[in-house]
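Engineer: Pasting a predicted model and its sequence here:
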Amino acid sequence: MSMMRNILLKSFILFCLTVSAIGCRQPEPLMPKSSAAAGIPAGFVAVFGKTGADQIVVCGNRTLAEHRFPPCSTFKIVSTLMGLDSGVLTGPESRLGYDGTRYEFAAWNGDLTLREAFRTSCVPYYKKLTGKLDRRTVQKTLDRLNYGNCDISVWNSNGHNVFWIESSLLISPLEQLGVLEKIFSGRSGFAPGHVELLRECMRDGCAGDWTLYGKTGSGRNHNTNRLEGWFVGFAEPADGKPVFFAAHGAAPDRDVNGPEMRQWLREQFSRRFLPPVEPVR
């Protein structure tokens, strides 16, 4: 595994930008801001970092690494933990009811469990979940995590909250990285058992001795009327510290969604660091 780690580090340096620490606001590039030469689309960015490491790596345009976007469904990472810690959710089989609405995505049509809702990224389930949370507790939690701008001002008291979907709450890829590192290094204040349950929900594939965990997100940019995508999470070796990542992508002439960003992130790992990722069945 030491050889794998050396290859990982060298590969990062060869094709990425290096910055000083998780949460750093002034990264220094080792290559031009334009990522076209590296084969990375101009509107794509990915950031990587290890727990306790003194460096993080930015692939692509460093300006985008610091730019805040709506978290969209990546917020389900934090809302899952808030739901569990508050008692609104009691475990992976927790259900919140179904009113019979027929949704565009057939997988959302039913009284889903937490595990099913997370896997299918069921927006109605999570709207209902956030509507059952206490606003002051949500605000304190986001402040504690330094979750982007921590802005939940678009709070809806009708039981279906959408402040995290193309709305007031914004977060950058670098800030996503910091939140993930806090949660999975045990510094977030969430119950360890709930973090472990979340980890199981996030499991996304394997590559050799590594396991990939992640969550997609998709939302429409109202200025361009184009979908933009997220994929955030971490890759964990069998006997070492995880590598956290946050990837965001957009394009001026087409939609980019979360599943596309997941595939792109997997390709970065597969081509440069790891064996091909085997998706969870």
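Structural biologist: On my side now, so go ahead. Numbers count the residues shown, from 1 in each chain.
Engineer: From now on I want contacts and neighbour counts done on CA atoms only, so please keep to that.
Structural biologist: OK.
Engineer: which residues touch the residue located most distally from the centre of the chain?
Structural biologist: Computed with CA atoms, centre = their mean, the residue of the chain farthest from its C-alpha average is Gly100, at 29.6 Å. Contacts for Gly100 (CA atoms under 8 Å, 6 or more residues apart in numbering) come out as Asn109, Gly110.
Engineer: any idea how far Pro92 is from it?
Structural biologist: Here Gly100 is placed at a distance of 22 Å from Pro92 (CA to CA, to the nearest Å).
Engineer: and if you look at Leu180?
Structural biologist: According to CA to CA, Leu180 and Pro92 sit 20 Å apart.
Engineer: follow-up on the earlier one: check the secondary structure at the residue farthest from the centre of the chain for me.
Structural biologist: When classified by DSSP: H, G, I helix; E, B strand; the rest coil, Gly100 comes out as coil.
Engineer: Over to the one 4 residues further on?
Structural biologist: Three states are possible here, and by three-state DSSP the one that applies to Glu104 is coil.
Engineer: domains of this structure?
Structural biologist: As assigned by automatic domain parsing, the chain contains the domains 1-68+173-182+203-281, 70-171.
Engineer: what's the weakest-modelled helix or strand in the protein?
Structural biologist: When the helices and strands of the chain are compared on mean pLDDT, DSSP states H and E, strand 17-19 comes out lowest with a mean of 36.
Engineer: packing partners for whatever helix or strand comes next after it?
Structural biologist: Sequence order places strand 44-50 as the next helix or strand after strand 17-19, per DSSP states H and E. Contacts defined by 3 or more CA pairs under 8 Å, 6 or more residues apart in numbering; DSSP states H and E place strand 44-50 against strand 56-60, helix 62-66, helix 173-184, strand 243-249.
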